[in-house]
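>>> The sequence and its predicted three-dimensional model are supplied below.
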Amino acid sequence: MRDDDPIHDDVPEKTEERSGVSRRGFLKIAGVSVAVPLVARPEMVWAAGEQVPVHGPGKVPMEFTINGKKYKANLEPRVTLLDALRDQFDLTGAKRVCDRAECGACTVLMDNKTVYACSLLAIEAQGKQITTVESLMQGEKLHPVQQAFVENDASQCGFCTPGFVIACKAMIDKHPNPSPEDIRHGLAGNLCRCGTYDGIKKAIAQVGQKGA
């Protein structure tokens, strides 16, 4: 194209005169308008007919009550309760095994109900009473469920044991003298790859007789 082409001559200058904005300025404005929604996110959004808070994506302050003690941490909203327990608070009793809410090795209590810590966001556990296996032992004395596991050889590799102990405690608290159906229902969410189910059943029977 020749420099003296009458069709395209002085096009940039005429465009700037009409709009008052150069092409370079327009690109800057467009870039900012695209970036703003990614940065300036609303604090509240409408969902299911009501306003709900929006957190993240960066770290936000969180507070927890775990085993009767207060804990604080700055965590990303995507962090699970299991990650918070193990990585932030050094409570490693709950184990990461399947990491998909199938094996029960990460079982803890939330308001006295069993939950999978690997599938629960830490931010959802705020304001709840979280109980982990670390709280069961009093000094050097094992909890009756823990003692029964030892006496009945109810553990082998040990990865599933903390989750089973918590699940057994929750079940026995609800059913002090559990029936076979109570046991099947109460422990249905926990798996033992070593196959120590017979020892676990004997441990439950022992605790049920003595009372936990």
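Looks like it came in fine.
>>> Show me the protein divided up by domain.
Structural domains assigned to the chain are 60-132, 144-210, following automatic domain parsing.
>>> now these as a markdown table including mean neighbour count?
Where C-beta positions appear, they are placed from N, C-alpha and C, glycine not excepted. Formatted as a markdown table, the domains of the chain follow (neighbours: other CB atoms under 10 Å):
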| stretch | mean neighbour count |
| --- | --- |
| domain 60-132 | 18 |
| domain 144-210 | 18 |
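>>> right, so of those, which gets closest to E43?
domain 60-132 (11.2 Å; CB to CB).
>>> what mean pLDDT would you report for that closest one?
Average pLDDT, domain 60-132: 97.
>>> please renumber so the chain begins at 34
I'll keep to 34 as the first residue from here, and by that count the last item is domain 93-165.
>>> CA atoms of the helix or strand harbouring V198 as PDB?
Following DSSP states H and E, one finds V198 within helix 194-207. Output in PDB follows, covering the C-alpha atoms of helix 194-207 (Å, rounded to 0.1, in the frame of the first residue of the first chain):
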ATOM      1  CA  THR A 194      -7.800 -47.200  62.900                       C
ATOM      2  CA  PRO A 195      -8.400 -43.500  64.000                       C
ATOM      3  CA  GLY A 196     -11.400 -43.200  61.800                       C
ATOM      4  CA  PHE A 197     -12.800 -46.500  63.100                       C
ATOM      5  CA  VAL A 198     -12.200 -45.400  66.700                       C
ATOM      6  CA  ILE A 199     -14.100 -42.200  66.200                       C
ATOM      7  CA  ALA A 200     -16.900 -43.900  64.300                       C
ATOM      8  CA  CYS A 201     -17.200 -46.600  67.100                       C
ATOM      9  CA  LYS A 202     -17.300 -43.900  69.800                       C
ATOM     10  CA  ALA A 203     -20.000 -42.000  68.000                       C
ATOM     11  CA  MET A 204     -22.000 -45.200  67.500                       C
ATOM     12  CA  ILE A 205     -21.600 -46.500  71.100                       C
ATOM     13  CA  ASP A 206     -22.500 -43.000  72.500                       C
ATOM     14  CA  LYS A 207     -25.800 -43.300  70.600                       C
END
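>>> Show me the contact partners of that helix.
126-128, 136-142, 145-147, 164-166, 169, 176, 178-179, 182, 187-188, 211, 215-216, 219-220, 222-223, 225, 233, 236-237, 240-241, 245 (CB atoms under 8 Å, 6 or more residues apart in numbering).
>>> Spatially nearest residue to G91, not counting backbone neighbours?
The shortest distance from G91 to any non-neighbouring residue, by CB to CB, 6 or more residues apart in numbering, is to E109 (6.8 Å).
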